[in-house]
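**Q** Make a model of this:
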Amino acid sequence: MTRDLIVDKEKITFTKEKETLFIPLYGKAMESKKANAVLIDKKAEEIIELIDYDFSKLKIPQKTDIMMGLRAKKIDDYTKEFLLRNPRSIVLHLGCGLDSRYSRIGNNNADWYELDFPEVIDIKKRFFKETGRLHFLASSVTELEWICHVQESEGSVLVLAEGLLMYLNEDEIRSLMEALSERFSHYRFIFDCFSKLTAKYAGGHPSLKRTGAVLKWGIDDPLEMERWDKRIHFIEEWGFSDSDEISKLSFGNRFMFRFMGYFKAARRAHRILVFDIDRQ
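**A** Okay, the predicted model is just below:
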């Protein structure tokens, strides 16, 4: 099924499933507009004003807007910390959508690659310009030939996947990690994920029901991924209740996020994982 979107008054055909890219875009924009926002993303605010689309149809709950902001802020922080230690790195932003992380980070030393479906990259190019350091790759993440277009490096490599891996199956994720290992001697992989229970039932979320997106993967114990391959090393798990930004929320939302932190199942429902992967 396709839908017609209009950007700068030009009609674009867009599949229903790929409307999921508007969920984080709109969530970050709505969070950014708040007086005490957990994430400032002026580019997201700008884009939603320029796209002729009824975002209210996505039915995004306020809790999801907050979660989008907390997740993006934490991955931004991880990225800044990594680039502070390794300024001339390669960064691969998989499933980038219309996210403006490259602009938010403000690092001009790293070589940054943004990957998404060709129709998504076509739209992205209307709002973002490639530079000597910022490169766009138009491909499905599972069509692994795109890796050949990333320069080889024996230095530091950071791979980011925000709101992506839950839409892939385990074999696709393992193939992706294996292909990256063949290309790079070492890389750090930062991504958010659902628990198996969340992945099973999150399809009932109003926004996902609206777009028809299918969730395929969840993980409970991060050490399970270490058993996939001896080169995979678990580093850290971060839950939303750990965020310092919670102090900026209303009393009700502060209570909700902190209360979740007391229960293992709630903490693992949706969190960010950090891994190091070595070739040897």
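
**Q** Isn't L94 up against Y167?
**A** No. Assessed by Cβ atoms under 8 Å, L94 is found out of contact with Y167, at 11.2 Å. Just so you know, the C-beta spots here come from the backbone N, C-alpha and C atoms, and that holds for glycine as well.

**Q** Which of the helices or strands spans V38?
**A** Using DSSP states H and E, no element contains V38; it sits outside every helix and strand.

**Q** tell me the centre residue of the chain?
**A** Central residue of the chain (Cα atoms, centre = their mean): E162, 1.4 Å from the mean position.

**Q** and that residue, what does it touch?
**A** P24, R71, A72, I75, G95, D99, F191, D192 (Cβ atoms under 8 Å, 6 or more residues apart in numbering).

**Q** Could I get the full set of helices for the stretch 1-150 of the chain?
**A** 22-32, 42-50, 62-85, 101-105, 118-124 (DSSP state H, counting those that start in this stretch).

**Q** Need the winner for burial among those.
**A** Stretch with highest mean neighbour count among the helices of the stretch 1-150 of the chain: helix 22-32 (a mean of 25; mean count of other Cβ atoms under 10 Å).

**Q** what angle do that one and helix 62-85 make?
**A** Going by axes from the mean of the first three to the mean of the last three Cα atoms, to 10 degrees, helix 22-32 is angled at 90 degrees with respect to helix 62-85.

**Q** which other helices and strands contact helix 22-32?
**A** When contacts are defined as 3 or more Cβ pairs under 8 Å, 6 or more residues apart in numbering; DSSP states H and E, helix 22-32 packs onto helix 42-50, helix 62-85.

**Q** Quick one: closest of the ones you listed to A29.
**A** helix 42-50 (3.9 Å; Cβ to Cβ).

**Q** Going along the chain, name the strands of this protein.
**A** Applying DSSP state E to the chain gives strands spanning 2-7, 10-15, 51-52, 90-94, 111-116, 134-138, 157-161, 186-194, 232-239, 270-278.

**Q** returning to that earlier point: among the contacts of E162, which one lies nearest to F251?
**A** R71 (21.7 Å).

**Q** give the contact list for the closest one.
**A** With Cβ under 8 Å, 6+ apart, R71 has these contacts: E162, G163, D192, F240, I272.

**Q** Give me the buried entries from those.
**A** The neighbour count (16 or more other Cβ atoms under 10 Å) marks E162, G163, D192, F240, I272 as buried among these.

**Q** Same list, the residues you listed, but as TSV with pLDDT and distance to D41 please.
**A** Formatted as TSV, those follow (pLDDT from 0 to 100; distance: Cβ to Cβ, whole Å):
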residue	pLDDT	distance to D41
E162	95	13
G163	92	14
D192	97	17
F240	91	18
I272	98	18
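
**Q** closest to G106 among those residues?
**A** So of the buried ones among the contacts of R71, ranked by how close each gets to G106 (Cβ to Cβ), first place is E162, at 17.9 Å.

**Q** From R279, how far off is that closest one?
**A** Between E162 and R279 the computed distance is 25 Å (Cβ to Cβ, to the nearest Å).

**Q** just to revisit the earlier point, identify, from the contacts of E162, the entry nearest to S32.
**A** When those are ranked by distance to S32 (Cβ to Cβ), A72 comes first, at 9.8 Å.

**Q** Correct me if wrong: L92 contacts S156.
**A** No. Applying Cβ under 8 Å, one finds L92 not in contact with S156, separated by 11.8 Å.

**Q** residue ranges with poor pLDDT in this structure?
**A** For the chain, residues meeting the criterion pLDDT under 70 lie at 1-19, 202-213, 280.
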